Every structure is written in structure tokens, then in C-alpha cells.
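quick one: sequence plus predicted model below, questions after.
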Amino acid sequence: MTTSRPGPASLDPASVKLAWPLAARLGEGPVWVEWERALWFVDIEGRALHRFDPGSGDRQSFAMPGRPSFVVPVADRSLVIGMELELHRVRDGDLGEPLIAIGGNRDCRTNDATVDPRGRLWFGTMDLGHSAPTGQVHVYDGHALHPAGGHCPITNGPAVNAAGTLLYHVDTLAGIVWAFDISRRDTLVDGRIFATIDPADGKPDGVTIDSQDCLWVALWGGWCVRRYAPDGELLLSVPIPCAQVTKLALGGDALRTAFVTTARLGLSAQQLRTQPAAGGLFAFPAPAPGLPAHAMVMR
């Protein structure tokens, strides 16, 4: 006799609230910056950096000269963004000179990123044509930059577990979330498939780890975010009222609020009429707290 596992739970759609109806073209990269008690995120194609303070309701937007793809905190209480093929320091929304240029294929740009417990920045690049496997993951330790592997057209993630031993890397077009052991090396080799997303359910986009080492996956074209157990079991699916869901971050009081970025990109005029909140920032109560975002250490 076999016993089947119950299917994944689903959060009540009414608990998902529109926190900021900013109609981003390609909202991405949310990160909770604890010392500011604020959420920072980007609009890649809208060429903007955004800051949201849920306590006061304050909303700020900063125009960027290129396409910013991620934002992360730095130990000195500044920020670093990836933009086109460069990393830049940002203070109070003001863009500084490039920290470092990223070599490789010029038909690429930066995409998603995370900071590990050692203060190192892991970020991906992606092919602008969304077809050539020229994107890959890079590691920047605040001094030197080196490629880590994971070649594919569109990298997403990465996310690192609480112990700093496991890195999740997303091959968006293949619909695969990979897990790599980084406890002894800084390169992505001998990975295992953590999860495969059926194309009918959308494409895996940004990923985030919570305090229970569960992995949250946003589904582009999938109208939801999913929560997976460390063993890959699907635990929860949270419906979002628009199709292009890009990434989740956990913040707010006790890191118990899930903030979700979305996009209008790729939606027709007819689809946008039925998804008026597309490109907005959404929020809902999380079933488990998040992990504090690690800050980059500049050397």
C-alpha cells in the first residue's frame, strides 16, 4: 500500500494586497534593507530604482541611465546595483562611478543577484536576444570578479541557503532550478536538479530562501509564487493577480511580509485591460519569516 502526499496548499487570494500600483515595465530584484526598514527594487526596462517604506507608505523612484537589474545592500550602508555590464555604488538614490566592468559577451546584461553569508555578491548575466547560452553566474568578493559557470540564455536566482553551502541557480528557458554545493568551491559544477517547472505553469524567475531553508520561486507567465521544501516538495502556491511574476523578498516586521514584484512586459493591450495591476508591487503575510539580507563586504 502506498501513501500519497497531499497536494500543495494555496493562500487565499484575498490576502494578497497591491502595495504600490507603479505599473513597472519589468519590476525585479526586491531586497529588504533592514537598517532602513525599507524595500528596494528595480524596474529594468523602465530604467528606475525604487524604494518603498511600508511603515510610512513613502515611495521614491530614481531614474537610472541604463537598465538596472538588481540592488543589494553593502556593509557601509550604501547599495550596489547591476546595470548593463557594470556594477555601481548607489547612495541615497544617487548613482556613483562604476565599481567594475563585467567582461564577456557584449550582447548580455546583468540580471538577478544575491549576497552570501561571507559578503560575496553572486549575480547572473543573460543574453539580450534570449536565445544564446552566453549568460552565466559571476562572483564578486568586493575586490575581484570571476565567472562561476551555469551557462544558459537567461540566468535567474541565484539564492544561497542560510549555511552558505548551497546555491540555487535558475535556467529560466529550460524551466529548471538547479542546486549546487558551494561549500568547497566557487564554481557551479556537479549540480542536481532541484525542481522542474512544467511550461504550462510558466517559467521560473527569481528565487528567495526563507528561514526554514524553503525556496520561493516566482513564475513568469504563471500568475503565482511557489514555496518549495528543502527536499524539493512543493508546499504552497500563492496566486498573484497578474501573469508576469518576477521575484519575492521577505521583509517588514519580523520579516513576515512577502513582497512580490511583477511586470507589464510581454502583455498585450487586451491582456493589460484584464490585468490592471500588472507591474505593481504586491504583499501578503508569509507562512515563515525570511532571512536577513546579507550585506556585501567591500575589500
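Here it is on my side, so go on. Numbering: from 1, shown residues only.

and the nearest residue to residue 160 once chain neighbours are set aside, what does it touch?
Nearest non-adjacent residue to residue 160, counting by CB to CB, 6 or more residues apart in numbering: residue 116, 4.4 Å away. Any C-beta I mention is one placed from the backbone N, CA and C, and that applies to glycine too. By CB atoms under 8 Å, 6 or more residues apart in numbering, the contact set of residue 116 is 122, 160, 164, 167, 182, 294.

for residue 133, same thing?
Contacts for residue 133 (CB under 8 Å, 6+ apart) come out as 127, 151, 152, 153.

show me what contacts the first one?
The one in question is residue 127. Per CB under 8 Å, 6+ apart, neighbours of residue 127: 105, 107, 108, 133, 134, 135, 153, 154.

check it and give its pLDDT.
Listed pLDDT for residue 127 reads 97.

packing partners of the host helix or strand of residue 42?
Assigned by DSSP states H and E, residue 42 belongs to strand 38-43. If contacts are counted by 3 or more CB pairs under 8 Å, 6 or more residues apart in numbering; DSSP states H and E, strand 38-43 sits against strand 27-33, strand 48-52, strand 68-73, strand 245-251, strand 257-262.

how far off strand 48-52 does the fourth one point, in degrees?
Put plainly, it is strand 245-251. Counting by axes from the mean of the first three to the mean of the last three CA atoms, to 10 degrees, strand 245-251 lies at 40 degrees to strand 48-52.

what is strand 245-251 packed up against?
Against strand 245-251 (3+ CB pairs under 8 Å, 6+ apart) you get strand 27-33, strand 38-43, strand 203-209, strand 215-220, strand 224-228, strand 257-262.

turn those strands into CSV, including distance to residue 178, mean pLDDT and mean neighbour count.
Output for the helices and strands packed on strand 245-251, formatted as CSV (distance: least, CB to CB, whole Å; pLDDT from 0 to 100; neighbours: other CB atoms under 10 Å):
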stretch, distance to residue 178, mean pLDDT, mean neighbour count
strand 27-33, 20, 98, 26
strand 38-43, 24, 98, 26
strand 203-209, 10, 98, 26
strand 215-220, 11, 98, 25
strand 224-228, 13, 98, 24
strand 257-262, 22, 98, 27
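
as JSON lines, these with distance to residue 94 would be great.
Listed next are the helices and strands packed on strand 245-251 as JSON lines, based on distance: least, CB to CB, whole Å:
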{"stretch": "strand 27-33", "distance to residue 94": "16"}
{"stretch": "strand 38-43", "distance to residue 94": "14"}
{"stretch": "strand 203-209", "distance to residue 94": "26"}
{"stretch": "strand 215-220", "distance to residue 94": "29"}
{"stretch": "strand 224-228", "distance to residue 94": "32"}
{"stretch": "strand 257-262", "distance to residue 94": "22"}
